[in-house]
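> No sequence on hand, only this structure:
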């Protein structure tokens, strides 16, 4: 048996290889994400994410203001509305609303396969409650380091994306970047991500059809690109693992849409223009494989 976080399951040799590989890359990931958080890409990614996010609920104070704004009294003679004892009503409204909510308008977001915490930290900076999970313990350890440096509060847990230990309907949003292509059972992962979403919740997946790409071929990348810094051996190892995964032979994102439909998702949309807007420079962060965005709403 292999244990990750609070779960145990029969050993999957592919998962062992995947975890071992990303352990080797965890320190370089820390450096890359540290730099990316302070690059133009951080703002671009945030813009891409926020156009999908549900509008944050109003805070208790804001809701109370709206309630008292609507509570006008008309004396029958004056056509102008008059607010009667606004401060008292507002205080009562705030108390009533606070009894019903605890998050003060913040979304509960799960970042699956968080790596060293780029999305987790980026969204926590916007005031959301964000949990990041990753299969690789070293990635989680480095996520905590980076979150501390950025002075944000996040929850990081070692966990398998295909076997989440969260309760049903725990999150408003599930988000992921460059994870699905690494999963032995991606369809199972989609089922789990749907399970932990609240009704009406949003699934956001940013990925690419990496199965059609040869990671060992780096000649077209800039010299300072991460893949060139890693060396041929690590990139070939990544390519070898990728070729063992069923998802590498799927036509994506068409396959993703079909699987998400099976989980009960609705209003599924695809954006194929993501890379053009995010990767404007051919620099160390450049991704030569065109990425797509999938947004799906749970019924």
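Okay, I see it. Model, not experiment: these values are computed from the prediction.
> okay, now the closest residue to residue 125 other than its chain neighbours: neighbour count?
Leaving aside its sequence neighbours, residue 125 sits nearest to residue 152 (CB to CB, 6 or more residues apart in numbering; 5.6 Å). All C-beta atoms are positioned from the backbone trio N, CA, C, and that covers glycine. Residue 152: 18 surrounding residues under other CB atoms under 10 Å.
> Quick check, residue 213 in contact with residue 290.
No: using CB atoms under 8 Å, residue 213 is not in contact with residue 290; the gap is 9.8 Å.
> Summarise which helices and strands the longest strand along the chain is packed against.
Counting residues, the longest strand found in the chain (DSSP state E) is strand 197-208. With contacts taken as 3 or more CB pairs under 8 Å, 6 or more residues apart in numbering; DSSP states H and E, strand 197-208 sits against strand 171-177, helix 254-262, strand 291-298.
> about what we covered before: quick one, which of residue 213 and residue 290 is more surrounded?
residue 213 (17 against 14).
> Grab the nearest non-local neighbour of the more buried one.
residue 289 (4.8 Å).
> helix, strand or coil for that neighbour?
Using DSSP: H, G, I helix; E, B strand; the rest coil, the structure places residue 289 in coil.
> Quickly list what the spatially most central residue of the chain is bridged to.
With distances taken as CA atoms, centre = their mean, the residue of the chain nearest its centroid is residue 175 (2.5 Å). In this entry, residue 175 is beta-bridged to residue 111, residue 204, by DSSP bridges.
> Residue 108 is in contact with that one, correct?
No: at 11.5 Å, residue 175 does not count as touching residue 108 under the criterion of CB under 8 Å.
> can you pull out the strands in the protein?
Counting by DSSP E, the chain has strands at residues 2-4, 7-9, 72-73, 82-83, 108-112, 129-134, 155-158, 171-177, 197-208, 265-271, 291-298.
> The last one - contacts with which helices or strands?
When you say that, I think you mean strand 291-298. With contacts defined as 3+ CB pairs under 8 Å, 6+ apart, the packing partners of strand 291-298 are strand 197-208, helix 254-262, strand 265-271, helix 274-278.
> list the contacts for residue 271?
Residues counted as contacts of residue 271 (CB atoms under 8 Å, 6 or more residues apart in numbering) are 292-293, 295.
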